[in-house]
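Engineer: Starting from these lines, generate the structure:
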Amino acid sequence: MWRPQSLWHRLLRLALIACVPLAVIAGVGVGTLLLQQQREAERTALEFTRAFANTIEADLDRAIAVLGAMSTSPLLDHDGVEDFLMLSERVLATLPDWRAIHLAEPQGRVVAYAGHDEPPAALQESPTFRRVVEERRPVVGILARIPAGWGIPVRYPVVRNGELRYVLTGVLKTDAILKLVERQRVPGDWIVSVFDATNRRLARSRDHSAALGTAPAPSLAELMASAADEGTGVTLTLEGDRVYTAYVRLPNAGWTVAAGISTEAHRTAQIRSLLLWGGGVALSLLLGTLLALIYAGGINRPIARLADAARSLGAGTTPMPLPRAGIGEVDAVADALVEAGLRRRQSESEREAARAEAETANRAKDEFLAMLGHELRNPLAPIVTAVELMKRRHPGAAERERSIIERQVGHLRRLVDDLLDVSRIVRHKLQLERRPTDLQHVLDKAIETVEPAFAGRTPLSVQRVAGPVIVDGDDVRLTQVVCNLLVNAAKFTLPQQAVRLGLALDGSEAVIEVADEGAGIAGELLPHVFDLFVQGPQSLDRRSGGLGLGLGIVKGLVEMHGGRVAAASDGPGHGSRFTVRLPLAQAGAPEAAAPAAAAAAPQPALRVLVVDDNVDAAQALGELLRAAGHAVREAHDAMQALAVLDEFVPEVALLDIGLPGLSGYDLAAVLRGDPRLAGMALIALTGYGREPDRARAIAGGFDEHLVKPVDIDTLFAAIARCAPTPLRKAG
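Structural biologist: Predicted coordinates for the structure are as follows:
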């Protein structure tokens with residue numbers, strides 16, 4: 001957790017920070033010097049190793065030259081093996097570093113052997129022998145153990161008339177390589193080793209006998225494993241000492257020469273350099289600490305006065321002018337505190353005024369939206385009722401005209417609902433009634449709802465997973481999501497183009513997909529397709545219509561359910577695809593019951609009172625209820641409604657809320673207090689459709705709250721649900 005620090009600590013930190021660049025520069029210098037020393041040691045080792053490798057290469061070349069001269073002897077032209085053996089013995093006597101010379105047929109049988117030891121029972125180190133036979137060129141072999149000790153074979157092909165007749169081999173003593181090492185007169189802390197092509201040690205400047213035939217130390221083996229013919233690095237000797245090592249690989253023989261220089265002298269120089277560097281850094285830190293103490297004391301006192309002034313400002317009082325500290329920055333802060341106190345008073349007054357203005361504007365907006373919904377819905381109610389009356393009275397007449405009116409009224413109703421829904425979603429005031437819900441039922445309701453939008457079109461293609469798909473959600477709002485996506489797809493596709501609806505499972509998520517073959521979405525519009533009021537290009541006739549709210553509502557509702565929605569399209573003319581992902585409900589969650597189908601049996605006749613200040617709406621609804629067999633009285637304000645009670649006792653009252661004089665809420669309170677109306681059902685039928693409006697209606701004594709224009713089947717279902725029992729027959 002962060003803790004405040006004193007000025008002294010900050011000044012000390014500043015001094016330390018100031019010392020850091022110096023320390024870093026000095027450290028870099030020391031490190032560079034040490035690195036140069038290391039590179040110089042490695043360079044020295046590498047130059048020595050190169051020179052020594054050339055010496056060994058020359059010695060091996062001399063051995064090959066001797067064998068080459070012997071291979072040209074005419075004694076080998078006519079199988080003069082015995083004579084060649086005597087020649088070999090005379091040559092061997094002049095080569096003290098050679099152990100033996102032998103002649104073998106290509107099949108490996110030794111036909112002549114001259115040496116200081118008994119002839120071996122079998123050919124030694126056969127891999128290089130096979131190489132000579134195959135490649136017909138001189139080959140330097142690898143370390144091999146023979147009965148008398150170790151030897152290094154050098155082989156030479158004897159060719160006559162293009163045919164390999166023999167393989168001539170000279171076996172060198174390992175002491176020959178050791179003598180070469182000793183002649184280099186390397187310092188005592190150096191270590192020199194020579195390895196054959198298989199990395200077996202041929203000679204070592206220290207403890208040669210014990211190391212002969214052994215593998216290199218692991219770190220040296222790792223360094224030599226590089227594909228490069230030479231290299232440098234730091235390794236550990238067999239004794240565990242650190243050395244700067246260089247190696248050179250002989251190109252013809254495949255041998256490796258390695259030389260190591262002890263790091264001890266370099267390490268001593270390192271320690272001395274680090275001690276000097278550390279002493280300089282410590283001295284710099286000490287001086288910085290002393291300076292921090294001195295300057296902190298001169299600044300702390302005026303800062304304490306500034307703190308007192310700031311506390312006064314926090315308490316709401318204007319600080320008094322402070323004595324000058326002689327430090328320009330501190331004095332400027334003191335003046336700023338006094339000025340800030342004056343400005344604070346002014347800004348607080350302005351902020352309070354702005355807050356009050358914003359709250360007033362927000363309330364006005366809410367009231368405007370509620371009034372807008374009310375004023376737009378009220379004219380729609382009598383239109384819907386009148387169309388229903390036309391359908392009931394004249395089922396076959398003007399069917400096309402009725403269908404047009406129904407579609408356009410439905411379109412207007414969706415526009416109003418979308419406008420109010422998006423306002424509630426944006427302000428986080430939309431309430432969800434969440435419970436375990438089967439998305440299969442949601443899709444069924446959505447398909448039924450949008451059926452008019454797909455009339456005369458290619459039938460909607462539905463593909464869904466088998467069995468229930470349970471999510472924790474509001475079935476009404478989820479149905480709205482699917483409806484909005486389907487209606488959107490229908491808007492932007494031609495009648496002959498297909499629209500597909502899918503339901504699938506993906507891990508712990510349910511996936512709803514709506515795809516179409518329609519207009520598609522431009523790439524620049526795709527990231528903004530769910531933004532409010534965003535629409536694609538429209539023709540002048542605005543055939544697709546809408547306010548650009550439907551997809552924004554989809555996104556808001558899906559996210560309120562803890563899900564996500566995405567849109568995809570290959571561009572204009574290539575259709576679009578909308579994918580909704582919702583988390584599945586926990587296992588064992590009870591499924592919400594599917595909505596019960598509306599009862600097919602006719603409703604019993606009831607006495608119904610309709611109260612609405614819109615005369616057309618009241619009369620049209622009254623006619624519709626009478627056509628359904630109910631006894632109906634209409635009234636256009638609260639006083640008329642109360643007067644009707646003298647000669648008509650209703651069993652159900654349908655009340656508008658926005659009545660002149662007494663409101664629908666007030667009228668409901670009066671009706672509930674009338675003993676003659678005990679058990680009467682009260683249904684609010686109003687253009688006010690916000691959640692607070694519904695809550696107020698239920699709290700005010702209403703049994704139901706329906707929003708204009710109401711679906712006729714929904715209205716009849718509400719009347720049947722709320723009607724008193726036993727029913728009193730109209731009289």
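Engineer: Quick one: residues contacting A498.
Structural biologist: By CB atoms under 8 Å, 6 or more residues apart in numbering, A498 lies in contact with T458, S461, D516, E517. Where C-beta positions appear, they are placed from N, C-alpha and C, glycine not excepted.
Engineer: Select from those residues every entry located in strands.
Structural biologist: Among those, DSSP state E puts S461, D516 in strands.
Engineer: are any of the contacts of A498 buried, and which?
Structural biologist: D516, E517 (16 or more other CB atoms under 10 Å).
Engineer: In TSV, list the contacts of A498 along with pLDDT.
Structural biologist: Listed next are those as TSV, based on pLDDT from 0 to 100:
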residue	pLDDT
T458	89
S461	91
D516	93
E517	89
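Engineer: ok, of the contacts of A498, which one's closest to Y113?
Structural biologist: E517 (93.5 Å; CB to CB).
Engineer: From H574, how far out is the residue nearest to Q497 when sequence neighbours are not counted?
Structural biologist: Closest residue to Q497 apart from its sequence neighbours, by CB to CB, 6 or more residues apart in numbering: E517 at 4.3 Å. From E517 across to H574, the span is 8 Å (CB to CB, to the nearest Å).
Engineer: can you check I101 too?
Structural biologist: Taking CB to CB, one finds I101 at 87 Å from H574.
Engineer: So between these two, which is more surrounded?
Structural biologist: Taking other CB atoms under 10 Å, I101 and H574 do not tie; I101 has more neighbours (25 against 12).
Engineer: Domain ranges for the protein, per the record?
Structural biologist: 61-174, 177-265, 344-430+602-731, 433-583 (automatic domain parsing).
Engineer: what distance separates the start and the end of the first one?
Structural biologist: Criterion CA to CA, to the nearest Å; first-to-last residue distance in domain 61-174 is 16 Å.
Engineer: got the contact list for the helix or strand where L164 lies?
Structural biologist: Using DSSP states H and E, the element containing L164 is strand 163-173. Strand 163-173 is touched from outside by 63, 66-67, 70-71, 76, 95, 97-106, 111, 115, 124, 129, 132-133, 136, 146, 149-159, with contacts defined as CB under 8 Å, 6+ apart.
Engineer: Mind listing the strands it pairs with, and their directions?
Structural biologist: Strand 163-173 has its sheet partners listed here by DSSP bridges as strand 98-104 (antiparallel), strand 149-160 (antiparallel).
Engineer: between those, which gets nearest to T479?
Structural biologist: strand 149-160 (92.5 Å).
Engineer: What are the buried residues along that closest one?
Structural biologist: Under 16+ other CB under 10 Å, the buried positions of strand 149-160 are W150, G151, I152, P153, V154, R155, Y156, P157, V158.
Engineer: How about stretch 442-456?
Structural biologist: V442, L443, D444, K445, A446, I447, T449, V450, A453, F454.
Engineer: Kindly report the same for stretch 339-357.
Structural biologist: Those would be A340, G341, for stretch 339-357 by 16+ other CB under 10 Å.
Engineer: Check the gap between the residue nearest to Q497 and R500 for me.
Structural biologist: 9 Å.
Engineer: helices or strands up against the helix or strand where L671 lies?
Structural biologist: Element membership for L671, per DSSP H and E: helix 664-672. For helix 664-672, the packing partners by 3 or more CB pairs under 8 Å, 6 or more residues apart in numbering; DSSP states H and E come out as helix 638-644, strand 652-655, strand 681-686.
Engineer: if we can go back for a sec, identify the residues contacting the helix or strand just after the strand holding L164?
Structural biologist: On the C-terminal side of strand 163-173, the nearest following helix or strand under DSSP H and E is helix 174-183. Helix 174-183 has contacts (CB under 8 Å, 6+ apart) with 52, 55-56, 59, 97-98, 143, 149-152, 192, 194, 202-205, 208, 212.
Engineer: tell me how far helix 174-183 is from the chain's mean position?
Structural biologist: Averaging C-alpha positions (CA atoms, centre = their mean, to the nearest Å) puts helix 174-183 65 Å from its chain's average.
Engineer: quick one: buried residues of stretch 111-122?
Structural biologist: A112, Y113, A114, G115, P120.
Engineer: Mind checking which of the residues you listed land in strands?
Structural biologist: Short answer: those in strands (DSSP E) are A112, Y113, A114, G115.
Engineer: Closest to A18 out of these?
Structural biologist: Closest to A18, out of all of those and judged by CB to CB, is G115, at 78.5 Å.
Engineer: How far off centre is stretch 709-723?
Structural biologist: On CA atoms, centre = their mean, the centre of stretch 709-723 falls 51 Å from that of its chain.
Engineer: now swap in stretch 706-722 and tell me
Structural biologist: A distance of 49 Å separates the C-alpha centroid of stretch 706-722 from that of its chain, computed with CA atoms, centre = their mean.
Engineer: Now do it, average pLDDT.
Structural biologist: Average pLDDT, stretch 706-722: 87.
Engineer: buried sites along that stretch?
Structural biologist: Quick answer for stretch 706-722 (16+ other CB under 10 Å): 706-710, 712, 715-720, 722.
Engineer: what comes into contact with stretch 678-687?
Structural biologist: Contacts for stretch 678-687 (CB under 8 Å, 6+ apart): 373-378, 381, 612, 621, 650-658, 664, 668, 671-672, 693, 697, 701-708, 710, 715, 718-719, 722-724.
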